[in-house]
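>>> have a look at this fold, sequence not included:
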């Protein structure tokens with residue numbers, strides 16, 4: 001299981017050695033633009049970016065908030081009986097989820113799309129299936145009312161404190177070596193940096 005995520009920048013937190021011997025202090029987080037506190041509007045702006053850059057088919061109807069946990073947000077849920085429920089009612093969250101078939105093959109400049117042909121042994125696809133159909137990743141857009149702890153689940157380690165996150169979920173098709181070409185000079189990265197008014201960074205969550 002795993003995801004590739006694009007997140008808003010977190011402050012630099014120097015390690016014990018740097019703090020003790022060099023007096024290093026954390027870099028302050030850039031102030032969050034007030035406009036991004038409208039979580040739904042900001043999420044839809046990100047969808048528009050993906051459509052404009054040819055990474056996502058234009059939704060036929062406006063996407064709605066999904067209450068489902070993802071690989072990157074599962075630690076924000078708690079179990080109630082046999083269900084996962086949002087754990088913190090004071091933390092507002094807006095989540096738009098898109099199935100792999102909503103993505104276009106032009107997603108390759110960001111991250112590798114997995115097709116049916118690539119997932120079948122020896123590429124021998126059963127009759128009736130489209131070998132070029134994308135089956136991973138799912139695209140999830142998350143906006144939060146305040147920074148969250150982004151956790152690397154296997155290691156129980158905090159790897160970021162984003163209030164905005166774009167997640168590509170690969171599920172069982174994930175592997176850390178999957179090619180991606182994300183750079184902060186890409187047009188999408190530039191649009192996101194302008195929207196968030198800070199740098200955006202990319203991480204693998206294994």
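Good, I have the coordinates. Since we're looking at a predicted model, the values are computed, not measured.

>>> quick one, strands of the chain?
3-8, 77-80, 83-86, 93-98, 114-115, 134-136, 138-144, 150-152, 157-160, 164-169, 200-205 (DSSP state E).

>>> I'd guessed residue 91 sits against residue 143; true?
No. Residue 91 is beyond contact range of residue 143, at 11.2 Å (criterion: C-beta atoms under 8 Å). In short, each C-beta sits where N, CA and C put it, glycine included.

>>> the two: which is more packed in?
For the pair residue 91 and residue 143, the greater number of neighbours falls to residue 143 (25 against 13), based on other C-beta atoms under 10 Å.

>>> OK, contacts around the more buried one?
36, 39-40, 42-43, 93-95, 163-164 (C-beta atoms under 8 Å, 6 or more residues apart in numbering).

>>> just the buried residues of the longest helix along the chain, please?
Counting residues, the longest helix in the chain under DSSP state H turns out to be helix 39-52. Buried residues in helix 39-52, defined by neighbour count with 16 or more other C-beta atoms under 10 Å: 39, 42-47, 49-50.

>>> ok, the most centrally placed residue in the chain to residue 6 distance?
Centroid-nearest residue in the chain: residue 167, 1.8 Å away (criterion: C-alpha atoms, centre = their mean). Distance, residue 167 to residue 6, by C-beta to C-beta, to the nearest Å: 8 Å.

>>> please apply the same query to residue 143.
In terms of C-beta to C-beta, residue 143 sits 13 Å off from residue 6.

>>> could I get the strands of the chain as JSON lines with mean pLDDT?
Supplementary listing: these in JSON lines, determined by pLDDT from 0 to 100:
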{"stretch": "strand 3-8", "mean pLDDT": "92"}
{"stretch": "strand 77-80", "mean pLDDT": "91"}
{"stretch": "strand 83-86", "mean pLDDT": "90"}
{"stretch": "strand 93-98", "mean pLDDT": "98"}
{"stretch": "strand 114-115", "mean pLDDT": "87"}
{"stretch": "strand 134-136", "mean pLDDT": "91"}
{"stretch": "strand 138-144", "mean pLDDT": "98"}
{"stretch": "strand 150-152", "mean pLDDT": "91"}
{"stretch": "strand 157-160", "mean pLDDT": "86"}
{"stretch": "strand 164-169", "mean pLDDT": "96"}
{"stretch": "strand 200-205", "mean pLDDT": "88"}
